[in-house]
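[1] got a predicted structure plus its sequence, pasted below:
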Amino acid sequence: MKYISTRGQAPELSFEDAMLTGLARDGGLYVPAHIPTLSAEEIAGFAGKPYEEVAFHVMWPYVSGSFSEEEFKGAIARAYADFGHAALAPLKQLAGNHFLLELFHGPTLAFKDFAMQLIGQLFQTALKRRGDRVTIVGATSGDTGSAAIEAFRGLDAVDVFILYPHGRVSEVQRRQMTTPNEPNVHALAVDGDFDDCQAAVKDMFNDFDFRDSVHLAGVNSINFARVLAQVVYYFTAAVSLGAPHRKVSFTVPTGNFGDIFAGYIARQMGLPIEQLVVATNQNDILHRCLSGEGYFKGETMPSISPSMDIQVSSNFERALFYAYDQDGAAVAQLMDELKQGGGFNVSQGAMQALAEIYTSGRASEEETLATIKSELAASGELLCPHGAVGVKVAKEHLHESVPMVTLATAHPAKFPAAVEDASGVFPPLPPRMADLYERSERVTRITNDLGAIEDHIRKHTKP
Ligand SMILES: Cc1ncc(COP(=O)(O)O)c(C=O)c1O
Ligand SMILES: N[C@@H](CCOP(=O)(O)O)C(=O)O
């Protein structure tokens with residue numbers, strides 16, 4: 001399988017090269033040159049199979065030229081060995097036709113572990129084979145950073161620098177990033193918001209001298225390997241509800257559009273997905289855009305679902321690439337308008353293409369709090385604020401005949417203040433991280449200045 005850039009001007013790469021490269025050199029994002037499909041029989045065959053086995057079958061066509069079958073199966077087995085639930089991604093019934101897919105049983109209690117644990121294994125295999133080392137930079141609104149640090153801490157061939165917005169992540173998220181004491185891990189608290197952190201990461205990739213001198217790699221969902229690993233749980237969830245013989249819908253709490261884009265890939269691969277519902281918090285650029293108002297940045301407002309406090313949603317570029325019939329020049333033009341003028345209008349044809357796949361909704365802060373409270377009373381499920389945004393929006397899109405799955409993207413214990421405020425229940429951390437509040441922290445506060453960030457990284461990267 002070859003990978004191509006959404007802006008059409010970067011070299012085609014293998015899976016391994018695309019994974020280690022991160023952002024394409026034309027500023028675009030890598031996508032597979034074609035999306036492989038699975039037959040209804042193959043999908044039906046996933047019923048009752050362990051998650052790891054489904055994972056291998058779904059992802060193998062994308063990675064097969066880069067890893068041997070044995071390497072890839074080994075990576076999958078090691079990636080999911082430490083999850084705190086035997087099913088890895090259990091499905092719970094909330095009511096009638098509405099289900100919750102719990103994606104927070106990994107080591108850092110968020111859905112990011114599904115991909116990050118796997119790419120941690122794949123990076124190690126590839127770097128060992130090449131005798132190479134890389135500098136990973138990542139931007140986080142809380143969960144990607146902790147998952148990346150967990151996946152790469154202590155590895156010889158990797159330095160990892162995580163940029164998070166100072167004061168805009170939860171205490172648990174911050175401590176997950178600042179308490180690991182391995183010297184290859186560096187938490188940077190940036191004076192700015194998540195979009196500033198993400199822009200800095202992209203600017204570093206576009207600074208080729210810097211990029212090449214430190215062997216830059218990226219583990220945000222700009223990396224297609226991140227998206228790919230997330231495709232798997234759409235299959236396991238849908239099949240357990242009767243797919244491919246029955247259609248299933250998904251509602252996805254959305255920020256950077258990576259998770260829902262994984263749903264799009266699953267759909268294109270042949271999974272009968274009826275609706276893909278984008279659920280946003282008050283930072284609702286995606287909901288506004290999908291409602292026909294164009295894609296225009298507003299100010300990012302801090303919320304009780306901080307991981308979704310995002311205005312420039314990086315994977316939306318991938319969605320646009322398909323909506324514009326894979327026209328890289330058109331996508332490059334839109335991204336230029338976004339950078340220069342803060343937004344763009346989507347053509348009528350592309351809006352139509354998006355509307356065939358995605359619908360959307362938004363939850364205010366009050367609605368999120370009310371949903372945490374009401375869902376606890378109704379089903380006994382204690383939601384994190386991100387899951388609550390999803391549940392609120394999902395309820396506006398329920399249909400009698402098609403099951404709806406809402407993705408519960410993080411454990412409530414990552415956001416105890418908001419959860420307790422809403423429900424009166426303080427969600428405790430699982431025993432394996434019960435001493436998180438006592439561990440000492442190590443973090444560098446840094447201004448939102450590309451030169452300062454690059455200097456810091458240069459100084460702290462192992463040669
Ligand atoms: C808990 C949680 N929910 C939802 C999201 C949104 O996911 P995505 O950025 O893939 O849209 C994030 C961040 O990415 C998150 O950390
Ligand atoms: N919500 C994310 C933001 C980064 O998203 P990514 O999926 O592109 O890595 C976070 O928690 O960091």
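    On my side now, so go ahead. Ligands and ions are numbered 1, 2, ... in the order given.

[2] if you count contacts, what does the particular helix or strand that has residue 227 in it end up packed against?
    Residue 227 is located in helix 224-240, with elements delineated by DSSP states H and E. Contacts defined by 3 or more CB pairs under 8 Å, 6 or more residues apart in numbering; DSSP states H and E place helix 224-240 against helix 15-21, strand 30-32, helix 40-44, helix 51-63, strand 98-102, helix 112-130, strand 248-253, helix 258-268. For the C-beta atoms, the positions are set from N, CA and C on the backbone; glycine is no exception.

[3] 6 Å instead, please
    helix 51-63, helix 112-130, helix 258-268 (3 or more CB pairs under 6 Å, 6 or more residues apart in numbering; DSSP states H and E).

[4] which parts of stretch 147-163 are buried?
    147-153, 155, 157-163 (16 or more other CB atoms under 10 Å).

[5] actually, stretch 337-354.
    Those would be 338, 343-344, 346, 350-351, 353-354, for stretch 337-354 by 16+ other CB under 10 Å.

[6] put the alpha carbons of that stretch into PDB.
    Output in PDB follows, covering the C-alpha atoms of stretch 337-354 (Å, rounded to 0.1, in the frame of the first residue of the first chain):
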ATOM      1  CA  GLU A 337      -7.100  30.400   3.100                       C
ATOM      2  CA  LEU A 338      -7.300  29.000   6.700                       C
ATOM      3  CA  LYS A 339      -3.800  30.000   7.500                       C
ATOM      4  CA  GLN A 340      -3.900  33.500   5.900                       C
ATOM      5  CA  GLY A 341      -7.500  34.500   6.600                       C
ATOM      6  CA  GLY A 342      -8.800  32.300   9.400                       C
ATOM      7  CA  GLY A 343     -11.300  30.200   7.400                       C
ATOM      8  CA  PHE A 344     -12.900  29.200   4.200                       C
ATOM      9  CA  ASN A 345     -16.200  28.300   2.600                       C
ATOM     10  CA  VAL A 346     -16.800  24.800   1.400                       C
ATOM     11  CA  SER A 347     -18.000  24.300  -2.100                       C
ATOM     12  CA  GLN A 348     -21.600  23.100  -2.700                       C
ATOM     13  CA  GLY A 349     -20.500  19.800  -4.100                       C
ATOM     14  CA  ALA A 350     -18.100  19.100  -1.200                       C
ATOM     15  CA  MET A 351     -20.800  20.100   1.300                       C
ATOM     16  CA  GLN A 352     -23.100  17.600  -0.300                       C
ATOM     17  CA  ALA A 353     -20.400  14.900  -0.200                       C
ATOM     18  CA  LEU A 354     -19.800  15.600   3.500                       C
END
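
[7] show me how far it is from its chain's centre.
    Distance of stretch 337-354 from its chain centroid, counting by CA atoms, centre = their mean, to the nearest Å, is 22 Å.

[8] which residues touch it?
    For stretch 337-354, contacts defined as CB atoms under 6 Å, 6 or more residues apart in numbering pick out 294-297, 323-324, 334.

[9] near ligand 1, anything from the helix holding residue 227?
    No: contact of helix 224-240 with ligand 1 is not found when judged by CB under 6 Å from any ligand atom; the minimum separation is 7.7 Å.

[10] how about stretch 424-444?
    No: remark: stretch 424-444 sits outside contact range of ligand 1, by CB under 6 Å from any ligand atom, the gap being at least 13.9 Å.

[11] now that stretch: buried residues?
    Using 16+ other CB under 10 Å as the test for burial, stretch 424-444 gives 427, 429, 433, 443.

[12] tabulate these (CSV), appending pLDDT and secondary structure.
    Shown next, in CSV, are the buried residues of stretch 424-444 (pLDDT from 0 to 100; DSSP: H, G, I helix; E, B strand; the rest coil):
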residue, pLDDT, secondary structure
427, 97, coil
429, 96, coil
433, 92, helix
443, 98, coil
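
[13] in stretch 32-42, what's buried?
    Buried, per 16+ other CB under 10 Å, within stretch 32-42: 32, 35, 38.

[14] what of stretch 390-398?
    The neighbour-count check on stretch 390-398 (16+ other CB under 10 Å) flags 390-395, 397-398 as buried.

[15] does residue 426 lie in a helix or a strand, and which?
    Counting by DSSP H and E, residue 426 is found in no helix or strand.

[16] now swap in residue 373 and tell me
    Residue 373 belongs to helix 365-379 when assigned by DSSP H and E.

[17] what's in contact with that helix?
    By CB under 6 Å, 6+ apart, helix 365-379 touches 94, 304, 381-383, 385, 388-389, 391-392, 422-423.

[18] ok, the closest residue to residue 194 other than its chain neighbours - how many residues close by?
    Excluding the flanking residues, the one nearest residue 194 by CB to CB, 6 or more residues apart in numbering is residue 141, at 4.1 Å. Counted with other CB atoms under 10 Å, residues neighbouring residue 141 total 25.
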